[in-house]
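A.B. asks: have a look at this prediction, sequence included:
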Amino acid sequence: MDKENENTSEIKNEDKTVNEESNSKEEQKEELSQEDKLRETEDKLTRSYAELENQRRRYEKEKDEAYEFGGMALAKECLNLTDNLERSKSSIINDESLEKNNKDKIIEHLDIIYKDILSIFKKNQIDEISALGEKLDPNKHQAMLEIEDAEKEQGTIVQEIQKGFTLKGRLLRPSLVGVSKKPQKNEEKQQKKEKN
């Protein structure tokens, strides 16, 4: 019986050691698990903070742009005033029923109004796009027609149909222009007419 008791006590001791080892492994797993959870939580917190910071910067940028370019729609509508003034002036100049003295007075008044509008535009950083004599730039100009011109280099703007404007460097509307092209030879013109 003593041997049996010894065996039993040895088995109990072995069980205790196995239990202790498994308990310590479980404790280590639990500790690792807690460390992993802590790292994961820290990572989530860091990412959330970064996301909030990015969103704050984005909102700040959008707010600044809205403040800076919020009047863009109004500015585009105001450009129609300048167009109508130029058309009125041109119409008066071409009207033969008006006396020269009356024409001059009317044109003078229209010029004053036009200059005032351009002055207001300047104060609000709305600038005219220069076009005549320059090379066609698709970022600022829109070609509406081609005009044969042997003296000018091809692609040079020779006519401005409608002025273009920028607001603080951003395009409000492009200049509508006529662009030079090399004249066609008479033979080529004849062939095109025959085809049509």
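C.D. replies: That came in fine, so what should we check first?

A.B. asks: so which residue is dead centre in this protein?
C.D. replies: Centroid-nearest residue in the chain: residue 170, 8.3 Å away (criterion: Cα atoms, centre = their mean).

A.B. asks: look up the residues forming beta bridges with that residue.
C.D. replies: Beta bridges link residue 170 to residue 167, judged by DSSP bridges.

A.B. asks: ok, residue 127 next?
C.D. replies: In beta-bridge terms (that is, DSSP bridges), residue 127 pairs with residue 166.

A.B. asks: hmm, it is touching residue 164, no?
C.D. replies: No: applying Cβ atoms under 8 Å as the test, residue 127 and residue 164 come out as separate, 9.7 Å apart. In this view, the C-beta of every residue, glycine as well, is placed from N, C-alpha and C.

A.B. asks: those two - which one has more neighbours?
C.D. replies: The neighbour comparison of residue 127 against residue 164 (other Cβ atoms under 10 Å) goes to residue 164, with 21 against 16.

A.B. asks: the more buried one and residue 174 touch, don't they?
C.D. replies: Yes: with contact defined as Cβ under 8 Å, residue 164 reaches residue 174; the gap is 4.7 Å.

A.B. asks: what sits in contact with each of these two?
C.D. replies: 129, 140, 141, 142 (Cβ atoms under 8 Å, 6 or more residues apart in numbering).
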